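>>> coords please:
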Amino acid sequence: MGTEDEDVRDIASLLADECTQTILTETVTEPMSARELSDVCDVSPQTIYRRLDGLLDHGLVEAETKPDAEGHHYKVYTATLDRFVVELTSEGLELSISRRNQMADRFTRFVDEVRDR
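Prediction:
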């Protein structure tokens, strides 16, 4: 079994999980912290972090560090997955992933705003 086959299986297994699906759907429009995701998914923070690790490993979410009111930092997560397609061909399963480029989009908006001032 090749690396691509392992990736297909890993991602498919990850996406089959209900908690992972909730993480992706909840973070598609608004970044959320692990604590917020833990509440929404009704699972432990450790479970959320395990799912986030898998999603981060495959580039399906991105993390951004934010400061809080007391000067500490925490991460928020945003789904980057746009589309996941597995196609059965005579060669085997072919994986196609489309990702949003949200971090770059936010940076571009920031630069545009600074330029407009």
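>>> show me the shaky parts of this protein.
Along the chain, segments meeting pLDDT under 70 span 1-5, 102-114, 116-117.
>>> would you map the strands across it?
All strands of the chain, identified by DSSP state E, fall at 32-33, 61-67, 73-79, 81-89, 92-99.
>>> looking at those, which is closest to Thr25?
The closest of those to Thr25 is strand 73-79. By C-beta to C-beta, the value is 7.7 Å. Quick note: C-beta positions are derived from backbone N, CA and C, even for glycine.
>>> who does the closest one pair up with?
Here strand 73-79 is paired, per DSSP bridges, with strand 32-33 (antiparallel), strand 61-67 (antiparallel).
>>> doesn't Thr80 make contact with Glu64?
No - assessed by C-beta atoms under 8 Å, Glu64 is found out of contact with Thr80, at 11.5 Å.
>>> so which of these two has more stuff around it?
Thr80 (22 against 13; other C-beta atoms under 10 Å).
>>> just checking, Ala79 touches Glu30?
No - at 9.9 Å, Ala79 does not count as touching Glu30 under the criterion of C-beta under 8 Å.
>>> so between these two, which is more surrounded?
Ala79 (22 against 10).
>>> that one and Lys66, how far apart?
Look at Ala79 and Lys66: by C-beta to C-beta, to the nearest Å, they are 17 Å apart.
>>> helices along this structure, start to end?
With DSSP state H as the definition, the chain shows helices at residue ranges 3-16, 18-26, 34-41, 45-57, 102-116.
>>> quick check: which of those is nearest to Tyr74?
helix 34-41 (7.9 Å).
>>> mind giving me the packing neighbours of that closest one?
helix 18-26, helix 45-57, strand 73-79 (3 or more C-beta pairs under 8 Å, 6 or more residues apart in numbering; DSSP states H and E).
>>> in JSON lines: these, plus distance to Arg115.
Output for the helices and strands packed on helix 34-41, formatted as JSON lines (distance: least, C-beta to C-beta, whole Å):
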{"stretch": "helix 18-26", "distance to Arg115": "33"}
{"stretch": "helix 45-57", "distance to Arg115": "31"}
{"stretch": "strand 73-79", "distance to Arg115": "24"}
